[in-house]
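Trainee: kindly generate the corresponding structure for this input.
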Amino acid sequence: MERTPTHPKRGAGARGRRWAGRALACAAILALAGPGADAGTGPEAEIVNSVGMRLRRVEAGTFLMGVGDGLLPPELREPADHQEARAGTPHRRYGDFDEWPRHQVTISRPFHMGVHEVTNAQYEMFDPAHRERRGELGFSTADDEAVVFVSWNDAVEFCRWLSRKEKTPYRLPTEAEWEYAARAGTKTPFHTGETLPAEFRKNVGQSWFPAEPTREKAERISLTVGRTPPNAWGLYDVHGNVEEWVSDWYGPYVADAQVDPVGRAFGEFRVTRGGSHSTEPYYLRSANRIGTIPEDQSWLIGFRVVLGEQPDTAPLPPEPEARYRVGVAQRAPTDLAHGPDPDRPYFEGPRQYVKIPPHSLGPMFSYHNHDPAIVETWNGDLLAIWYTCMTERSRELGLLASRLRHGEKEWEPASLFWDAPDRNDHTPALWFDGNRTIHFFVGLSAAATWGNLAIVHRTSTDNGVTWSRPRLIVSDHGPRRMPEETVFRTREGVIVMPADDVPADGTALWLSRDQGQTWTDPGGTIAGIHAGVAQLGDGRLMALGRGRNIDGRMPKSLSEDMGATWTYGASAFPPVGGGQRPVLLRLREGPLLFASFADEMTIRDASGRERTVHGLFAALSYDDGKTWPARRLVSDDGPGREIETLDGRLVTMGLARAEPRGYLSVCQTKDGVVQLISSRQHYAFNLKWLETPPPAAPSAE
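Mentor: Next up, the predicted model:
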């Protein structure tokens, strides 16, 4: 008979006796395969339940959870592209930032864990309709393949169903139980040792599927359970095959020794463990942590179950609030609409808003910060977000935020805004509805890369301090799901969100006619990615994008049917390329504002002469994009001086040169000032400054 050990805080009371009795009732069918070290050795070492699941007994014990300096061998300290990104720096990385600090964990009582991940045949006893999803995108067709396309909520409901059926408690493992069982007494990166043998490596790498259909055959591999050797405690597929949902909310570790930890009290992401096919070996380690929002489903995530009561340990408190959320005013200043004199040119900047300590290795990364979004909140603050990473195609990519508080001159240091663990959170967008609500959109990758995004939406009505629960407004992962700036609302009340369609080298639109509750793709494609979109006076949409150039110029796309179809022609502007994104905005005063980059273009200065300029420029159109008579460099027009641009590169800004590249985001605040940010700097100016010719160059030039 199983004995429930006396918990130092819990005791062996009635709940423990119920747990032991239920486990005994489930032990009628026995399998006597020899256990590994520290696995159960009695008659209940392995049981088989009524749906055919084999469950191995895992004994109580203590282990070190996470990683510490020196634990990983050199080839596993970080993915190769990370090493390349920071070549020449003195820092090394031993595992991910969220695997520290390494800490002692005691699992105080034994439990039974599924020998295999839950299969299609087992899951469909609970949900017969899931059979229609077998083979979706070419994955998991057979009865004995791991079930995929199940959310965390689905996995929990399955456990409840199984508990009722078996009259004994089934659940998802805690994160600590999962790592303890997966390690099976080992301290190495894998239960196999320092490296992962070839038989565990299923299509390893950074997957772009389904955005690259030419790779479909290579991506579609078998998910049959139990085809690789088990660990020492008899558990299969803990490195790869499919990720496995666990019960915990994601949050940072603490250094204290813990007994039966259950994670954080609250969060945005549920943890998955073990990694999956189509993933780099670095992310298959025993200590590695992945996660996503509970409703997410993909061909990479399944689960396995535990038999035993959920630990009644108190969870850790939620994470401390990020800096951008602390001390935010919840009232609007009375002078919010009073700004610079609209009859006099106003320009301020550049002011750097990306402020990260050097050599930061997570969750803030000092190496690549890019792709921003900016809004004015209803209290007059400016809120900017952007992505931070080692390389754009990797799993560590997350989002940071900074706030410029109303009346202040300097942006605050960066803090964490959103980071689905080990998911590529690609291309954020922000939109303020003009009343009290900020909308946040981001592409949530199924893995690494931006080839398999779904779209997440959150809102805030308290100036970005708290946010609604994240929800998937486009739930299936694929192309045409990479949100872009600038989101806007048409005169008819339709919210328009551009989204890159990478395989087509274009931009799609997502439209909401019910205040952001539901979204549809009208089906057309704008010429070029990263397109800025605006509505014209006659109701048509106009877009200017990157790529698919026409006659050596940036393409201009026009739609008369809200994005269902587009016609294409050459614009008045030079094309842009890598590291550059333009923006298009209808100003409240009426003109269209366009900001972009030019290797070389001609402007007319205050002397009436034409001269050549280079870099970031702005242009105005008073006739819905037919002509752009006002053009000028986005610069303080002062003597040449060095400023930082994308990734901290130094450039000289002056009368003839401005930033050469960056992704732009723009909004117009209630005081009429245009707030334009690049990947590093913030510029503020009014319409009069845009309309005023820049000063003439000194005669010596």
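Trainee: quick one: Pro281 from Glu321, how far?
Mentor: Pro281 sits at a distance of 36 Å from Glu321 (criterion: C-beta to C-beta, to the nearest Å). For every residue, glycine as well, the C-beta is placed using N, CA and C.
Trainee: which one of these two has more residues nearby?
Mentor: Neighbour totals were compared for Pro281 and Glu321, and Pro281 leads with 21 against 13 (other C-beta atoms under 10 Å).
Trainee: quick one, what contacts the more buried one?
Mentor: Applying C-beta atoms under 8 Å, 6 or more residues apart in numbering to Pro281 gives the contacts Leu76, Thr195, Leu196, Arg201, Val204.
Trainee: could you find the lowest-pLDDT member of the residues you listed?
Mentor: In this model, the minimum pLDDT among those belongs to Leu76 (60).
Trainee: and the protein, what are its domains?
Mentor: Following automatic domain parsing, one gets these domains for the chain: 17-78+95-307, 350-483.
Trainee: and the last one, how far apart are its ends?
Mentor: Right, the one you point to is domain 350-483. The straight-line separation of the ends of domain 350-483 (C-alpha to C-alpha, to the nearest Å) is 26 Å.
Trainee: pLDDT averaged over that domain, what's the number?
Mentor: Throughout domain 350-483, pLDDT has a mean value of 96.
Trainee: and stretch 575-589, by the same measure?
Mentor: Per-residue confidence for stretch 575-589 averages out to 97 on the pLDDT scale.
Trainee: follow-up on the earlier one: for Met554, find the nearest of the domains of the chain.
Mentor: If you check each of the domains of the chain against Met554 by C-beta to C-beta, domain 350-483 wins as the nearest, at 19.3 Å.
Trainee: which stretches in the chain count as helices?
Mentor: 14-25, 80-85, 120-126, 152-166, 175-183, 216-219, 687-691 (DSSP state H).
Trainee: return the helix or strand in this structure with minimum mean pLDDT.
Mentor: Every helix and strand in the chain was compared by mean pLDDT, DSSP states H and E; the lowest is helix 14-25, with a mean of 38.
Trainee: any regions of the stretch 151-300 of the chain where pLDDT drops low?
Mentor: 212-218 (pLDDT under 70).
Trainee: and the strands in it?
Mentor: For the stretch 151-300 of the chain, applying DSSP state E, counting those that start in this stretch gives strands covering 170-171, 243-249, 258-259, 270-273, 290-292.
Trainee: now the longest one - C-alpha only, PDB.
Mentor: The C-alpha trace of strand 243-249 is given here as PDB (Å, rounded to 0.1, in the frame of the first residue of the first chain):
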ATOM      1  CA  GLU A 243       5.800  20.500 -25.600                       C
ATOM      2  CA  GLU A 244       3.800  19.600 -22.500                       C
ATOM      3  CA  TRP A 245       1.400  21.900 -20.600                       C
ATOM      4  CA  VAL A 246       2.000  22.100 -16.800                       C
ATOM      5  CA  SER A 247      -0.200  23.700 -14.200                       C
ATOM      6  CA  ASP A 248       1.900  26.800 -13.300                       C
ATOM      7  CA  TRP A 249       1.500  30.400 -14.200                       C
END
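Trainee: that one to helix 152-166, inter-axis angle?
Mentor: Relative orientation of strand 243-249 with respect to helix 152-166: 90 degrees, computed using axes from the mean of the first three to the mean of the last three C-alpha atoms, to 10 degrees.
Trainee: point to the residue nearest the middle of the chain.
Mentor: With distances taken as C-alpha atoms, centre = their mean, the residue of the chain nearest its centroid is Asp425 (1.9 Å).
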